[in-house]
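Participant: take this sequence and fold it.
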Amino acid sequence: MAFESCQSPSRSSIIGNGGPNTALGTPMTRPRVVRIPGGKEFTVWPMSRDSRESNDVVHENISIPPAVQVILDSPPVQRLANLKQLGCAFFAYPCCTGTRKEHSLGVAELAGQLSTNLKQKQPQLNLSEKDILCLRIAGLCHDLGHGPFSHAFEAFLKASYKSEKENPEVYEQRNAKFKEEFGIEMPLLPEHYEHESTSLMMIDAALASVGLEINWGNLDEPLKQIESGIDREKFGVDLGGIDADRRVDPFTSRDWIFVKECVMGAPLNEPHAPTAQTDFVGRASNKEFLFDIVNNRHNGLDVDKIDYFDRDSLAAYGARQTNMNIFLRDASVAKGKCPNPKKCFKCRGSPHNPLEHLMICYPQKHLKPAMDFFAVRMKNHENIYTHKKAKAAELQMVDILLEADKHFSMLLPTQLDDPCCIKVPSYFDDFQYKRLPISRALMYPRLFLRLDDTIISIIEHKAIENPSRQLRYLRQLIMDRRAHKVYKRVGEVEIDKVTGEKFWAMSEDKIREDLLQEAHLCYARKKARYITNAQTLTLEREDDVIVEKRELHYGRGDKNPVEHMRFFGKGDRANLGNPVQLLPLAEEVKELPLNTPQSFVRRTVRVFCRSYEKQELVGHCFLSWKYHTEKKMKRPAKSKGKISPINESDNEDDNAQSESQIALCAQPADLAPAARRKRKDSDVSDTPLTTMA
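Facilitator: Prediction:
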């Protein structure tokens, strides 16, 4: 793009034109007017020349270079200040109220520290200041695609897609009303959602908000200037100089593709790109290890996890779990055979002959700390991220979003023709939707920009303003949430070696159906009848019960992630200074520590109840269902691979034993220990059981 510099505008004219200085926090020193082919003129500013310092609860001090400040002060990144890092975990841990902005700043700092250490230890890698700056920006932007209440939004999108697929008539009815109002059909939801893909869209939106855009037609030139904002020739690495002699190495379009590839951890597959990418474009293969700093595709040990393991443990437990700084201090680059040849985009064609990659490797003495690192992941997932109360609050939040999304009065404006909102990338020029449901907000940057944790207040205001009876259930859900009255976990069973894969293969819907069937059998046997307000409770609506299959692991399913890492011995340290082609080959771990777990995955099935009045009833039905299902699975199967349905005749022989188990939850508190001893003596069940949490 050819630029023609014009005379610098006066200060008063800039202020009168409402320049980007107030929104972006950039200085108003020496602005200039540039003219592009077509006659358009833009007023552009250089980025600040001063670094910024910020305090942090985990890293104490964070340095923010000028180029990072430009992106940090953009609306898409500032939105992260209204997103809780741990979603609904504050219902269980009141101190877990940190934001994704804090986490993103921490990841940016660690990305800068790790890449700087590698540059100092191994200068032959030829890491540049621009490489380090791009990694900092990738760390800052890696979570831009997260929705309200963290992973609750992803669960909401999954449930929305499932509901529309299973009930097409409901979608058709909504679509007809939408088309009648706006003259266009409502867009379909994607089958699979990954927040990383939305992060890429919001990275483009962050650039557009400062007047810049990636130019896919000329990757090695400075970014494309599309609006007034930051000067594309003064946005990059500050090389020093004073006043007119100040020099800047500007970002190119290739640099920002590198940023997006670091976020994805894989080649980009963007619909607006000229061609589909099959390999990394941002940097050459001799720097492929840089793509593993923010999102490690080989083993999962990256600065993103280092930060949030530390940050989340500190918030929930009041202390860090392990010393994770050693993974920044002692990391080195060496060659290593691909640990995932079937999934690696480079080795997929020859999975039996994996290639050697330049990988971030560690000394062999770090084997035990690496195992502890991944153990922290499993511990935090069990105790924080999927804590029974945090999960119950998350399920309730999903119901609030689902209920709000289906009502036409909850449509959100996209600000399509609003001149006062942020600019969007040019590939949205043909976007025509003036309003969209909450579930479609991820399709447009201006709408997704307003989709943060404050959405619950917006929904509440809209529900209160509209007195429709159809919104009564939504208002009740919001009122319950404000009163800290969330759903209840009423039962949990851990998948063991006896029931094994058969039990885990049952879908959540199938388990819920069996629970309802078990409830009807309980009524028939008169074993579970509870009187409240002189009325007999019944479990007839499947909406009363939520079934969750929870899988906890170390980061690689049932595999040991440490086996995907590569370690070098003492004899290889001297060779780490060799040229890139002669770097030593780091090996897979040959001998695991004695305390290595035998299994790296833990699976449980948990049952939650939406209705406060029916929590005890659902708990009793869960106990009975669990007992009879396990008995069925331990018997020789009549037909291979199938579990015959539970019916009353099959259970007649088990009535005496199951009676005591069902009655356990009905015992008064002072009789419960005796009942538990009686159950143990009769050996009713030999598997762990948790009920009435």
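
Participant: which ones are touching Leu118?
Facilitator: Contacts for Leu118 (Cβ atoms under 8 Å, 6 or more residues apart in numbering) come out as Leu125, Leu127, Ala331, Ser332, Val333, Ile360. (Glycine included, C-beta is placed from N, CA and C.)

Participant: per-residue confidence averaged over whichever strand or helix holds the last one?
Facilitator: Read that as Ile360. Ile360 belongs to strand 356-363 when assigned by DSSP states H and E. Throughout strand 356-363, pLDDT has a mean value of 95.

Participant: wait, is Thr198 part of a helix?
Facilitator: Yes: checked against DSSP: H, G, I helix; E, B strand; the rest coil, Thr198 lies within a helix.

Participant: could you report the separation of it from Asn353?
Facilitator: 36 Å (Cβ to Cβ, to the nearest Å).

Participant: of these two, who's got more company?
Facilitator: Ranked by neighbour count (other Cβ atoms under 10 Å), Thr198 and Asn353 place Thr198 first, with 20 against 10.

Participant: go ahead and confirm the more buried one touches His142.
Facilitator: No: taking Cβ atoms under 8 Å as the definition, Thr198 is not a contact partner of His142, at 11.5 Å.

Participant: now for the strand holding Ile360, which elements pack on it?
Facilitator: Packing contacts for strand 356-363, counted by 3 or more Cβ pairs under 8 Å, 6 or more residues apart in numbering; DSSP states H and E, involve strand 332-337, strand 567-568.

Participant: and whichever helix or strand comes after that strand with strand 356-363, angle?
Facilitator: Using DSSP H and E, the helix or strand that directly follows strand 356-363 along the chain is helix 367-380. Angle, helix 367-380 to strand 356-363, by axes from the mean of the first three to the mean of the last three Cα atoms, to 10 degrees: 90 degrees.

Participant: which regions of this protein lie under the pLDDT threshold?
Facilitator: Along the chain, the model assigns pLDDT under 70 to residues 1-29, 241-245, 497-500, 522-542, 634-693.

Participant: quick one: contacts for Thr97?
Facilitator: By Cβ under 8 Å, 6+ apart, the contact set of Thr97 is Lys84, Leu86, Phe90, Ala315.

Participant: how near is the first one to Tyr161?
Facilitator: Distance of Lys84 to Tyr161, given as Cβ to Cβ: 24 Å.

Participant: state whether Ile44 is indeed within a strand.
Facilitator: No, residue 44 isn't Ile; it's Val. Yes: if the criterion is three-state DSSP, then Val44 is within a strand.

Participant: surely Leu585 meets Met359?
Facilitator: No: here Leu585 does not reach Met359: they are 10.3 Å apart, not a contact under Cβ under 8 Å.

Participant: shared neighbours of the two, anything?
Facilitator: Common neighbours of Leu585 and Met359, using Cβ under 8 Å, 6+ apart, are Ala334, Lys335, Gly336.

Participant: looking at it, the second one is touching Gln581, isn't it?
Facilitator: Pointing back at Lys335 there. No: in this structure Lys335 lies outside contact range of Gln581 using Cβ under 8 Å: 9.4 Å.

Participant: report the buried residues of stretch 89-105.
Facilitator: Under the neighbour-count criterion of 16 or more other Cβ atoms under 10 Å, stretch 89-105 has 89-93, 96, 98-105 buried.

Participant: all the strands of the stretch 401-550 of the chain, residue numbers only.
Facilitator: Counting by DSSP state E, counting those that start in this stretch, the stretch 401-550 of the chain has these strands, from start to end: 412-413, 435-436, 488-494, 531-532, 535-536, 545-553.

Participant: compare those strands and give me the one nearest Met324.
Facilitator: Closest to Met324 of these is strand 545-553 (Cβ to Cβ; 19.5 Å).

Participant: which helices and strands sit right next to that closest one?
Facilitator: helix 388-405, helix 508-525, strand 601-609.

Participant: one step back: among the contacts of Thr97, which are in helices?
Facilitator: Under the assignment DSSP state H, the contacts of Thr97 contribute Ala315 to helices.

Participant: between the contacts of Thr97, which is nearest Ala392?
Facilitator: Closest to Ala392 out of the contacts of Thr97 is Phe90 (13.0 Å), distances taken as Cβ to Cβ.

Participant: tell me the contacts of the closest one?
Facilitator: Taking Cβ under 8 Å, 6+ apart as the criterion, Phe90 is in contact with Lys84, Cys96, Thr97.

Participant: my guess is Met410 contacts Ala404, does it?
Facilitator: Yes: here Met410 reaches Ala404: they are 4.7 Å apart, a contact under Cβ under 8 Å.

Participant: okay, and the common contacts of the two?
Facilitator: In contact with both Met410 and Ala404: Ile438, Ile459, Lys462, using Cβ under 8 Å, 6+ apart.

Participant: of the residues you listed, which is the most crowded?
Facilitator: Comparing those by number of neighbours (other Cβ under 10 Å), Ile438 comes first, having 25 neighbours.
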